Structure formats: C-alpha cells, structure tokens
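> No letters, just coordinates:
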C-alpha cells in the first residue's frame, strides 16, 4: 500500500541533493517524520490523502534542510540559563553586574550560594582579574566565572577556600593556577585547573535541566538550528549523567527537543566502556558521538600552541611559554585514542594553534581510523600552516571550524600571529584538499546564531562592518558551499546520510528562510541577520508558522 503524505510543502525547495549545487525542487512530501518524496506539485499530490496538510512557501522565501551546529556546548548553554553573562563588559561594568546579582540574591534570602557565570575577556577587562576584586563586590560569596573562551576561570577568595585551591590541590596544577609572588592563587585558573571548583558546586536537579534544555532548544529552533554536536562539558562527570546519558534518556522518553550527537571526555572513557557506549549508537533524536580531547589552549588565553612565538608576547604574556602550550602531548593523545578505539569510540581533538594542528594530524596518521560511520575530526583548526592544509583530506580528518571566530578574533589574530593570521580557517584550501568542513559556533563561547558564521565564511570579515579588513580573503568560499557546511557536512561527519539533505528517506528537518540565503550576491549583514519563518524537526513544526 502506498504511504500517504502527512505534509506537503510547496514552493522553492533547496534540497542540497548531490555533491554540489542547491538541488532545487518545487515540493517535498513528508510522512512519519521522513521525506517521502520530492518533485512537482502534481507528483506529490498523488501521495496526498484527505488528512494531508499543505503549506506553500511564500514569495521571497525558500525551504532548506535544518542546520546542525557541529560544535555547540549544549549542556554549557543549558547550565548557562542560571549564569550571569559578562560578554563585552569592561572591568567596572563586570564588577557592577556581579555586585547587582549578589545583592539581588541576598534580597531573595541567598547569602552563600554560588554565583556562576561566563563571558569575560582579559582584553575587555584590561588584564587578568583577581579574586580580591570579586570579594569586594560579593563578600563571602563563592564566585566562579568562565572566560569568553572557557579556557580560563575567574574565582573569588571564598571559592578558592571552599575548593581548597590554596592547598596542595591547587599546587598540583602548576602554572595553570595563577599565583602571586608568595605563591598564593590570584583568582584565575587556566585549562584543566578551571574544573577545580566543580567538586563543591551543587548540581541542578534533573527537572531544572529539562526545563532549561527546552528553553535553549526553542531559541535554537528560532534561528534555524535543528540539531547539534555537543563536545561535552569542561567538567564532565565520570558517569556521563550530565550530557550523553541525559540526552539518551530523554530521547528514549520521546522528550529530547532537538537532535543531539553527544561526545564524551577522557574522564568518561572507563565508564563508557563499562556500559558499552560506542560511537554511532542512536535512539530517537540522540546519537553517541566522539571522544573529545585537547591538544592546546586558545587564542584568547594565549595558550594556543604555535610553530612560532606570539608576536605580542611582551604585552600579553602567553600561557605556558612564548609559543603557548600543549595541553596533551602526542604520546598521551595516542594512548587515549587507542583506548577509545578499543571501545569503538572515534576521536575528535581540539587544536587551535598551527603547532597543535600539526601534532594532531601526525597523531591521526599514526593511529589509523577504526571501523565506524563517524569521521575523525580536529576541532577549531583555527591556524593551519599551508603545509598541513592538504593533510586533512588525505587523512580523512574533518576540520570542524567556527568561521564566526574571525569576527571576534580578527584584531587578536593580527596582534598575536601577524601575517600568518591569513591562514586562519583556510576553508578554500581545506575543501580543495578533499576535507569536510562542518560549521559550528562554539556556543556559548560565541552566540549560538549560525548565520553570522555563514556570512563570515563568504566575506572573511565582520559581516556587520563593511569597513572591516578581511582576514585571509583568499580562503572565502561560496554561499552555497557555506550552507552545505552548515547542513550537509555535520551529517556526513557523524555518519548520518539521513540528515542534511531533503531527499527521499531523509529525516524531515527543514526550515523556511528568506531567499537571500541562496543569493551569492547577498549583503553579508542581511545574511547574518536571517531568521526562519518556520522550523520543522521530524516534520513537526517547532517554531513559527504561516
């Protein structure tokens, strides 16, 4: 018996079928959460029944696959619902915001609870902040605030005391805990040391996490994001309860509000093996992802590992040495990747600086890929030496990139890397070498809006500043390829051939957006401000409508 369409969407449909081009069709039929057929109106009407819903894409709009953010810290966003946001604030503004939050909580009867937050930048604050600053504006309260890049954490004196950071526990992290001349912590924790307070920070309840997740999912759907790859929490719990297993349980209950491919961290390898967690397992909207490892730090914290010294090292002293720091050396990466491979888990490794990228490519060359639908990947690949750019495709390693960082990092890149900054996010060369380039935002490091990053990939500058100088203009790509990097590449990297395209058998995740998204001459500012008229997941309307 012929399956009948539950929904028929007619109009301009960018299916993204094939290896390139928009794949234009005039209609798509949906049944049981999947694309039943694509084609002309008469062809699709033959699949209709008396209960079939029909939607006509308005003039000036197109339908296209939903966007998958290939690097979005979903659980960090969820927990961030209870955090103070210091993005873009200078020191007086940040301290005033913290003081106001402290006072508001005291008025509500909370004198001692943790005040958590994120978003501050050493550059916005004018230097590294101190615990004493926090103690002045929030006396007696434990405060822990992640930096904009989440590679540093600013903590109060009370937090230092409660977490025993001023004892041998902090000393074991060496230079990762900033200290004064007497050896006492000043209030900034770098990289792995940032997790020191977590042992004494209370966990929110499951019901609170579910409520926050639903709020985050609604905001993502309003931007056209129907799924994400979550690389996990910095303070990943060994039993995987906040992250992979939380998402999986919700998916089994039919309550996961968006599609999530969730990764584990090194602290979770042992438990993953105990419970048989492997890359590529799926249930409902959940799938198991990768093992996320770290090769270096970040540009913002001057801890990205470089082949040449930081040019601004006299003004902004790098963390770990003149060329930044290696967080996990090659031998340890190889050992961790092999442990994961023994359990059927594929690796993804954070590498921002060109030295780190080269080291990870060398590591992947020494540890052959396992039999899995998932691809190995390097996260960020922000600065890549020209010699290494073709190696991604040759080794079948995806470059999981966030072009939106060019907007926020352009000035820092020029200061720290000089002319070598033109090799940041070398998209065109990576593609020419046969690599996939799944796009992400790195939210909450950047806003979770995918459209500015798509625009940046085509213009290589801040899309809202026409006077901004492009960074690496030769690495700009077409809008069609940028859209594919936001839809198709994340699916392929995750081994999901049923996502990212509107073709028969694919999952019916689609968005209806202004047709500027298919105009190669689009103004970057207009493209960066796109919002969908409607968003569907599994053929169900989750945002908007008309």
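Thanks, I have the structure now. Remember, predicted model here, so these are calculated numbers, not experimental data.

> what's residue 291 in contact with, if anything?
With contacts defined as C-beta atoms under 8 Å, 6 or more residues apart in numbering, residue 291 is in contact with 263-266, 269, 336-337, 340, 345-348. All C-beta atoms are positioned from the backbone trio N, CA, C, and that covers glycine.

> and if you look at residue 80?
Neighbour list for residue 80: 118, 444 [criterion: C-beta under 8 Å, 6+ apart].

> So what does it look like in phi/psi?
phi -70, psi -10 (degrees, to the nearest 10).

> start at 152 instead
Sure thing, new numbering starts at 152, so read that last one as residue 231.

> related to what we said a few turns ago, please indicate which of the contacts of residue 442 are buried?
Using 16 or more other C-beta atoms under 10 Å as the burial test, the contacts of residue 442 include 414-417, 420, 487-488, 491, 496-499 as buried.

> from memory residue 234 sits against residue 265, does it?
No - here residue 234 does not reach residue 265: they are 10.3 Å apart, not a contact under C-beta atoms under 8 Å.

> Which parts of the stretch 152-301 of the chain are helices?
For the stretch 152-301 of the chain, the helices defined by DSSP state H, counting those that start in this stretch cover 192-196, 225-230, 242-258, 273-276, 282-288.

> For the fourth one, give me every contacting residue.
Applying C-beta under 8 Å, 6+ apart, the external contacts of helix 273-276 come out as 239-242, 245, 279-280, 298-299, 303, 451-452, 467, 563.

> now these in CSV, with distance to residue 542 and neighbour count?
Shown next, in CSV, are those (distance: C-beta to C-beta, whole Å; neighbours: other C-beta atoms under 10 Å):
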residue, distance to residue 542, neighbour count
239, 37, 13
240, 40, 18
241, 41, 15
242, 42, 14
245, 41, 26
279, 36, 17
280, 39, 22
298, 31, 27
299, 30, 23
303, 30, 29
451, 26, 24
452, 26, 25
467, 30, 19
563, 26, 18
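
> dump the residue contacts of residue 237.
Residues near residue 237 by C-beta under 8 Å, 6+ apart: 245, 248-249, 268-271, 296.

> what about residue 233, neighbour count?
13 (other C-beta atoms under 10 Å).

> That one and residue 479, how far apart?
30 Å (C-beta to C-beta, to the nearest Å).

> cool, and residue 236?
Distance from residue 236 to residue 479, by C-beta to C-beta: 30 Å.

> now residue 256
38 Å.

> Please apply the same query to residue 576.
Look at residue 576 and residue 479: by C-beta to C-beta, they are 23 Å apart.

> Have a look at these two and say which one is more surrounded.
residue 576 (27 against 22).

> ok, that one touching residue 558?
No - with contact defined as C-beta under 8 Å, residue 576 does not count as touching residue 558 (11.3 Å).

> shaky segments in the stretch 302-451 of the chain?
Along the stretch 302-451 of the chain, segments meeting pLDDT under 70 span 318-323.

> can you give me the strands for it?
Remark: strands assigned in the stretch 302-451 of the chain by DSSP state E, counting those that start in this stretch are 303-306, 328-330, 336-341, 376-381, 410-416, 433-434, 437-445.

> Relative to residue 167, which of these is closest?
Residue 167 lies closest to strand 376-381 among the strands of the stretch 302-451 of the chain, at 13.9 Å (C-beta to C-beta).

> Parallel or antiparallel, which strands does the closest one pair with?
strand 218-220 (parallel), strand 410-416 (parallel) (DSSP bridges).

> what angle separates that strand from strand 437-445?
Strand 376-381 and strand 437-445 are oriented at 50 degrees to each other (axes from the mean of the first three to the mean of the last three C-alpha atoms, to 10 degrees).

> Can you pull out the residues in contact with strand 376-381?
Outside strand 376-381, the residues touching it (C-beta under 8 Å, 6+ apart) are 217-226, 371, 394, 398, 409-414, 436, 440, 551, 589, 591, 599, 601, 641, 644-645, 650, 660, 662, 686-688, 693.

> Could you list the buried residues of stretch 155-170?
Here stretch 155-170 shows 156-168 as buried, counting by 16+ other C-beta under 10 Å.

> in the chain, what secondary structure element scores lowest on mean pLDDT?
Scoring the helices and strands of the chain by mean pLDDT, DSSP states H and E places helix 319-322 at the bottom, with a mean of 59.

> Give the helix, strand or coil label for residue 468.
coil (DSSP: H, G, I helix; E, B strand; the rest coil).

> List the residues that contact it.
Contacts of residue 468 by C-beta under 8 Å, 6+ apart are residue 453.

> if we can go back for a sec, so which of the strands paired with strand 376-381 is the most packed in?
Comparing those by mean neighbour count (mean count of other C-beta atoms under 10 Å), strand 218-220 ranks first with a mean of 29.

> Could you pull up the mean pLDDT of that one?
Averaging pLDDT along strand 218-220 gives 98.

> circling back to that earlier point, turn the buried ones among the contacts of residue 442 into a markdown table, including distance to residue 381.
Shown next, in a markdown table, are the buried ones among the contacts of residue 442 (distance: C-beta to C-beta, whole Å):
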| residue | distance to residue 381 |
| --- | --- |
| 414 | 6 |
| 415 | 10 |
| 416 | 11 |
| 417 | 16 |
| 420 | 17 |
| 487 | 19 |
| 488 | 20 |
| 491 | 17 |
| 496 | 15 |
| 497 | 15 |
| 498 | 16 |
| 499 | 11 |
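
> Any figure for the gap between residue 646 and residue 514?
21 Å.

> Ok, residue 359 next?
For residue 359 relative to residue 514 (C-beta to C-beta), the value is 39 Å.

> go on, residue 642?
In terms of C-beta to C-beta, residue 642 sits 26 Å off from residue 514.

> which helices and strands sit right next to the strand or helix carrying residue 643?
Following DSSP states H and E, one finds residue 643 within helix 630-644. Contacts defined by 3 or more C-beta pairs under 8 Å, 6 or more residues apart in numbering; DSSP states H and E place helix 630-644 against strand 212-216, strand 218-220, strand 376-381, strand 548-551, helix 602-610.

> mind listing what residue 324 touches?
340, 343-344, 347.

> Just the buried residues of those residues.
Using 16+ other C-beta under 10 Å, the buried members of those are 340, 344, 347.

> can you put these in CSV and add distance to residue 172?
Formatted as CSV, the buried ones among the contacts of residue 324 follow (distance: C-beta to C-beta, whole Å):
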residue, distance to residue 172
340, 49
344, 49
347, 51
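
> Nearest to residue 667 among those residues?
residue 340 (43.5 Å).

> Once you drop chain neighbours, what's closest to the closest one?
Using C-beta to C-beta, 6 or more residues apart in numbering and skipping the chain neighbours, the partner closest in space to residue 340 is residue 304 (4.6 Å).

> gap between that neighbour and residue 153?
Residue 304 is 58 Å from residue 153, where distance means C-beta to C-beta.
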